[in-house]
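**Student:** I would like the atomic coordinates for the input below:
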Amino acid sequence: MSINIPIILTFIRVAIAPLILLVFYIPDKYICITSINNLAAFLFITAALTDWLDGWLARSLNQSTLFGSFLDPVADKLIVCSSLIVLLALGRVSTFVTLIIITREIFISALREWMARIGAEDVVSVNKIGKLKTVFQMIAIPCLFYEKSILCISFLKIGSLLISAASILTLLSMFYYIKCSWPALKSKF
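**Tutor:** Predicted structure coming up:
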């Protein structure tokens, strides 16, 4: 395995996932909840930016690797799922939305693994609906962490609307992947 800048950035994203959880365990006597919310939002935004940057660098520097292709979606799922669990515990996202998104992530990971085993991994490559879902999540989650309003703009409301839209896109993308993979799946049963 060769270590390059895109893989280092992906490892940073993997490390950020538990940090977001840990900041909420800092005792109140050391930091106020507003600062914790700000820090969690900052960490998530940093992770989202490294996601974009590692992909761009891997393509532009021709440093795409098999390991990087494996680790990148794992890092994405870790950061999104761990953040949603924290937001669920804080009461800022519904159980239903959290279950939809996390269930889809596990299901699509399993589907991609199965499709790779039968030599049909291209059937479940990322599509536009999945990319749009990711964009909505990457904007919604820091808004939900930040939670405050600025100039009568409620980041909590914006985050809630966007995460609800992301959950709908999550279902649509899951159904799309199932539809695309169904012929290959049927042929193996």
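
**Student:** isn't residue 21 right up against residue 82?
**Tutor:** Yes: counting by C-beta atoms under 8 Å, residue 21 sits close enough to residue 82 to count as a contact (5.9 Å). (Glycine included, C-beta is placed from N, CA and C.)

**Student:** for those two, indicate the residue with more neighbours.
**Tutor:** residue 82 (18 against 14; other C-beta atoms under 10 Å).

**Student:** list the helices and strands the helix or strand of the chain with the lowest mean pLDDT packs on?
**Tutor:** When the helices and strands of the chain are compared on mean pLDDT, DSSP states H and E, strand 149-150 comes out lowest with a mean of 82. Counting contacts by 3 or more C-beta pairs under 8 Å, 6 or more residues apart in numbering; DSSP states H and E, strand 149-150 packs against no other helix or strand.

**Student:** what's the residue nearest to residue 89 when sequence neighbours are not counted in contact with, if anything?
**Tutor:** Leaving out its chain neighbours, the residue that sits closest to residue 89 by C-beta to C-beta, 6 or more residues apart in numbering is residue 24, at 8.0 Å. For residue 24, the contacting residues are 36, 40, 86, 89, 90, taking C-beta atoms under 8 Å, 6 or more residues apart in numbering as the criterion.

**Student:** returning to what we had before: need the residues touching each of residue 21 and residue 82.
**Tutor:** With C-beta under 8 Å, 6+ apart as the test, residue 21 and residue 82 reach no residue in common.

**Student:** what mean pLDDT does the longest helix anywhere in the chain have?
**Tutor:** Under DSSP state H, the helix in the chain containing the largest number of residues is helix 155-187. Confidence over helix 155-187, taken as the mean pLDDT, stands at 89.

**Student:** for it, buried residues please.
**Tutor:** Neighbour-count burial for helix 155-187, counted by 16 or more other C-beta atoms under 10 Å, picks out 155, 158-160, 162-164, 166-167, 169-170, 173-174, 177, 180-181, 184-185.
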